[in-house]
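J.: My questions are about this predicted structure, shown below with the sequence.
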Protein chains: 2
Amino acid sequence: MLLESLQKIVRKTPGAAGAILMGFDGIAVMQSLAPGCEDTDIESAAMEFSFRFIELRKAAQSLGMGDVTDITIKADKQALLCRVLSDEYFVAVLLTDLGHLGRGRWNLRAQSAELRAEL
Amino acid sequence: MLLESLQKIVRKTPGAAGAILMGFDGIAVMQSLAPGCEDTDIESAAMEFSFRFIELRKAAQSLGMGDVTDITIKADKQALLCRVLSDEYFVAVLLTDLGHLGRGRWNLRAQSAELRAEL
């Protein structure tokens, strides 16, 4: 079921190289890569950001912004969309086509409930 | 002109508490607050994140994602939308109504060229 949710995110998001479920400690639970993107190291990407996300969450809390739900980092070649599932886990999708950022975020949100239910 | 661009971002984005132009060193250049939001400490918020954004930019570069153009942090009470203007400066808008995130990002982008021209 976890894998199915990740696969759905990837399949429904044009330009998605993959999706990953990871702990904020940088340890991956499961991932799904798009066909043709089997070489994508989405684990390293998510891990690299996971520790920094903890800092962003702390900063938002301390500023009274509340609990962080989504973090989007858009660069000129790729974008990483992340959705916080719980205190310990997040799901991220790596986009190599920046035109479908909105769709990616929508699909992340749509699958969040299912992913959460499995944690 | 800088101030005018910031004012435009705030005026055209429903739910925006303010917009700020800041260096990645955390030093504010100029800000504009929405009517009724004069107490909003957008400078502290942007400053708190500025150093962390440098880390995110370095991470994205090292992962081959390219240069970071936008960072969005959505929390359950507020959201901070940031657009990188140059190696040294970014513009951020603080939203207290999360329903208009897309509009905020659109307006940030629309005003970027004008802001860049003034840097």
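T.: Cool, got the structure. Numbers count the residues shown, from 1 in each chain, chains lettered A, B, ... in the order given.
J.: In what element of secondary structure is residue A:20 found?
T.: strand A:16-23 (DSSP states H and E).
J.: Just confirm yes or no for the helix or strand that that strand is followed by near chain B.
T.: Note on strand A:16-23: by DSSP H and E, the next helix or strand toward the C-terminus is strand A:28-33. No. Taking CB under 8 Å from any CB of the partner chain as the criterion, strand A:28-33 and chain B are apart, separated by no less than 15.2 Å. Where C-beta positions appear, they are placed from N, C-alpha and C, glycine not excepted.
J.: Quickly run through the sheet partners of strand A:28-33, with directions.
T.: Here strand A:28-33 is paired, per DSSP bridges, with strand A:16-23 (antiparallel).
J.: for the residue nearest the centre of chain A, what are its contacts?
T.: With distances taken as CA atoms, centre = their mean, residue A:92 lies nearest the centre of chain A, 0.8 Å away. Contact analysis of residue A:92 by CB atoms under 8 Å, 6 or more residues apart in numbering or on different chains lists A:19-20, A:22, A:42, A:45-46, A:49, A:80-83.
J.: Could you do residue A:78 as well?
T.: Neighbouring residues of residue A:78 by CB under 8 Å, 6+ apart: A:17, A:94-96, A:98, B:60, B:63-66.
J.: hang on, the earlier thing: the residue nearest to the centre of chain A and residue B:117: what is the separation?
T.: 35 Å (CB to CB, to the nearest Å).
J.: Show me which residues of chain A are close to chain B?
T.: A:44-45, A:48-49, A:52, A:55-56, A:59-60, A:62-80, A:102.
J.: Now the top helix by length along chain A: buried residues?
T.: Selection of the longest helix in chain A by residue count, based on DSSP state H, yields helix A:42-62. Buried positions in helix A:42-62, judged by neighbour count with 16 or more other CB atoms under 10 Å in any protein chain shown: A:42, A:45-50, A:52-53, A:56-57, A:59-60.
J.: Residue A:108 is in contact with residue A:10, isn't it?
T.: No. Using CB atoms under 8 Å as the test, residue A:108 is too far from residue A:10 to be in contact (10.8 Å).
J.: Now do the shared contacts for the two.
T.: Contacts common to residue A:108 and residue A:10, judged by CB under 8 Å, 6+ apart, are A:19, A:93.
J.: Which one (most neighbours) among the contacts of residue A:78?
T.: Highest neighbour count within the contacts of residue A:78, by other CB atoms under 10 Å in any protein chain shown: residue A:94, with 29 neighbours.
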